[in-house]
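Visitor: I'd like to go over a predicted model; first the sequence, then the structure.
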Amino acid sequence: VTFDASGDRSFSFARKPGADTQLRWDEVNLHLIDEARVFHFGTLSLTDEPARTTTQQAVAYAKAKGKLITCDPNLREPLWKTPAAAKEQMLWSLTQSDVVKISDNEVAFLWGCSPEEGAQRLLEEFDVKLAMVTLGPDGCLLKTKQALFRAPAPAVHPVDTTGAGDIFGGSAVARLLELGKAPEQLTQDDLSYIGSYALTAASLSTEHSGGIPSIPSKGAVLAAMQTGART
């Protein structure tokens, strides 16, 4: 991972072929899926076999068990043999998902359209129940068929943006579970709470180095939401 002056990062990868691509279905602990409320996946495990088939089987298993399926396409072009292969698997992942967290850059990669149009496509063409588009320093856009939330990111002094997207997505799903509602049942107030919390958590995380170490506590996020101040 390397950083520019604004704290934004770029990645280099080493796979020969990489242990993360070698997961087999017989190695998956199905009890973990059985006990979960949410099954989350991305596309990094879809780049190569056997992990691709394993991921597809795990998604099918989770869907059959009635789990909420969440997805972050998480495009990393150097890991794909071709852009077309990346697009194919990303589009498949969207067809499987109830909740999608996607970046504006990924929307542009898939469809060459605006974040607003991308969110609408997710709802209409892929039957996604909650579309969440991250916009970098411009904030985020959350959309269901009933409600819309959009807000700029809080003012921060970023030093490391590693993990901000994951923190956004994880925070949003955690708040969704806290509310105890299906995504399609969310009100405007619910969407505002989820979006504001996730946006604040992700923004605060960029002021600290590292991915996991930068995750702010729930108390810190709620305090920042109430006061508008940074931690």
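Guide: Structure's in. What do you need?
Visitor: I102 belongs to a strand?
Guide: Yes: using DSSP: H, G, I helix; E, B strand; the rest coil, the assignment for I102 is a strand.
Visitor: could I get the average pLDDT for stretch 98-113?
Guide: Average pLDDT, stretch 98-113: 98.
Visitor: ugh, typo on my part, it should be stretch 27-39
Guide: The pLDDT scores in stretch 27-39 average 98.
Visitor: low-confidence stretches in this structure?
Guide: 1-15, 228-231 (pLDDT under 70).
Visitor: now do the helices in this protein.
Guide: Taking DSSP state H to define them, one finds helices in the chain at 30-35, 51-64, 83-95, 104-111, 115-125, 164-179, 188-205, 218-227.
Visitor: okay, buried residues for the shortest one please.
Guide: In this case it means helix 30-35. Across helix 30-35, burial judged by 16 or more other C-beta atoms under 10 Å covers I33. For glycine as for every other residue, the C-beta is placed from the backbone atoms N, C-alpha and C.
Visitor: what's near enough to touch A151?
Guide: A151 makes contact with G139, C140, G195, S196, L199, according to C-beta atoms under 8 Å, 6 or more residues apart in numbering.
Visitor: and the gap between A174 and P115?
Guide: Applying C-beta to C-beta, to the nearest Å, the value for A174 to P115 is 23 Å.
Visitor: who's more crowded, these two?
Guide: Comparing A174 with P115 by other C-beta atoms under 10 Å, the one with more neighbours is P115, at 23 against 16.
Visitor: just checking, that one touches A131?
Guide: No: using C-beta atoms under 8 Å, P115 is not in contact with A131; the gap is 9.5 Å.
Visitor: wait, what's in contact with A172?
Guide: Counting by C-beta under 8 Å, 6+ apart, A172 touches V99, K101, M132, L142, I194, G195, Y197, A198.
Visitor: my read: the last one touches G165, true?
Guide: Same thing as A198. No: if you go by C-beta under 8 Å, A198 and G165 don't touch, sitting 10.2 Å apart.
Visitor: of the two, who's got more company?
Guide: A198 (26 against 19).
Visitor: distance of the more buried one from G112?
Guide: Distance, A198 to G112, using C-beta to C-beta: 26 Å.
Visitor: same check on A19?
Guide: Counting by C-beta to C-beta, the gap from A19 to G112 is 35 Å.
Visitor: circling back: which neighbours do P115 and A131 share?
Guide: With C-beta under 8 Å, 6+ apart as the test, P115 and A131 both reach L141.
Visitor: burial measure for L46, as a count.
Guide: For L46, the count of nearby residues is 26 (other C-beta under 10 Å).
Visitor: which residue packs closest to it, ignoring adjacent ones?
Guide: Spatial nearest neighbour of L46, excluding adjacent residues (C-beta to C-beta, 6 or more residues apart in numbering): Q89 at 4.2 Å.
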